[in-house]
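1. Kindly return the folded structure for what I paste below:
(one chain, ligands or ions: 1)
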Amino acid sequence: MTNQQPWSREEFEAKLRDKGKYYHIKHPYHVLMAEGKLNEDQIRGWVLNRFYYQVTIPRKDAAIMANCPDRETRRMWVQRILDHDGHGDDPGGIEAWIQLGLACGLQREGITSLRHVLPGVRFAVDAYYNFCRTAPWQEAVCSSLTELFAPTIHKQRLAGWPELYPWIKPEGLAYFQKRVSQARRDVEHGLAFTLDYFGQSRQLQERALEILQFKLDVLWTMLDAMWLAYIDNKPPYFNIQE
Ligand SMILES: O=C(O)c1cc(C(=O)O)c2c(n1)C(=O)C(=O)c1cc(C(=O)O)[nH]c1-2
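-> Model (predicted):
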């Protein structure tokens, strides 16, 4: 418990943004990816595993809505579900991610079956889902704020991949293009809400930083599991003789 004065809105925002130094853009797996040093299987492994994150996002957003009695917030939040699941003529982000997989030479069924998802990735993503399902909805809103840092990583892939990974069909990159503006819009709402709600006391502000760190841990841990499996070639049970 702290009885200290809350940080000013600007100071609080700066502290949230400073968490960007722990974003998964800095993880060695992403660093290799951005340098064009991943082989085809390492890119495919990432796409297959990240698919579990993609399909879980609209489920966690639906859980947040179910917990949220505020109609105005729900009216904003529902857009996130539509972005990923699609609506009307828009096939949505999950389908766009499948198209990325196909552009990398994967089969649709291999992606959607989730059979290539590593246990460590599953546990990390499930931890995010369960947090959003069980935490107060205000905390769940705050946990989406890693999206503050997402446009940079999407733009990095859009700029780099065509030259670094010419074997990936360029139409597969449409997901990243879409997310640049969608993440900006999401974060405008999520950040304003967090600054207002968690800005009420120093204790709440510190809680917001803790929640953001938890989410950074989720993203980092997903890549740790992928590193062990696809860079070190030590997937679970690799040393067990049948
Ligand atoms: O490719 C990425 O590095 C990345 C990161 C994140 C993120 O920071 O959580 C998201 C996404 N992509 C993304 O595409 C996405 O739709 C998304 C939703 C959320 C969220 O927490 O609600 N994060 C992210």
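
2. List the contacts of stretch 110-120.
-> With contact meaning C-beta atoms under 8 Å, 6 or more residues apart in numbering, stretch 110-120 is reached by 45, 47-49, 51-52, 55, 97-98, 101, 221-222, 224-226, 228-229, 235-236. C-beta coordinates here come from the backbone N, C-alpha and C atoms, glycine included.

3. from these, which ones fall inside helices?
-> The helices in this structure, assigned by DSSP state H, contain 45, 47-49, 51-52, 55, 97-98, 101, 221-222, 224-226 from the contacts of stretch 110-120.

4. Only the buried subset of the residues you listed, as a PyMOL command please.
-> The PyMOL selection below is limited to those of those classed as buried (16 or more other C-beta atoms under 10 Å):
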select buried, resi 45+47+48+49+51+52+55+97+98+101+221+222+224+225+226
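
5. just checking: which of the ones in helices among the contacts of stretch 110-120 also lie near the ligand?
-> When C-beta under 6 Å from any ligand atom is taken as the criterion, no member of the ones in helices among the contacts of stretch 110-120 contacts the ligand.

6. and the two most separated of the ones in helices among the contacts of stretch 110-120?
-> Within the ones in helices among the contacts of stretch 110-120, two members stand farthest from each other by C-beta to C-beta: 98 and 224, at 25.0 Å.

7. Distance check, residue 205 against the ligand.
-> Using C-beta to the nearest ligand atom, to the nearest Å, residue 205 is found at 20 Å from the ligand.

8. And the ones in helices among the contacts of stretch 110-120, which is closest to the ligand?
-> Closest to the ligand out of those is residue 97 (8.3 Å), distances taken as C-beta to the nearest ligand atom.

9. Which part of the chain gets nearest to the ligand, residue-wise?
-> Nearest residue of the chain to the ligand, counting by C-beta to the nearest ligand atom: residue 146, 3.3 Å away.

10. contacting residues around that residue?
-> Listed by C-beta under 8 Å, 6+ apart, the contact partners of residue 146 are 23, 212, 215, 216, 219.

11. Filter the residues you listed down to just the ones in strands.
-> Using DSSP state E, no member of the contacts of residue 146 falls within strands.

12. how about TSV for those, with neighbour count added?
-> Shown next, in TSV, are the contacts of residue 146 (neighbours: other C-beta atoms under 10 Å):
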residue	neighbour count
23	18
212	24
215	21
216	21
219	22
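
13. Having no further points to raise, I will conclude here.
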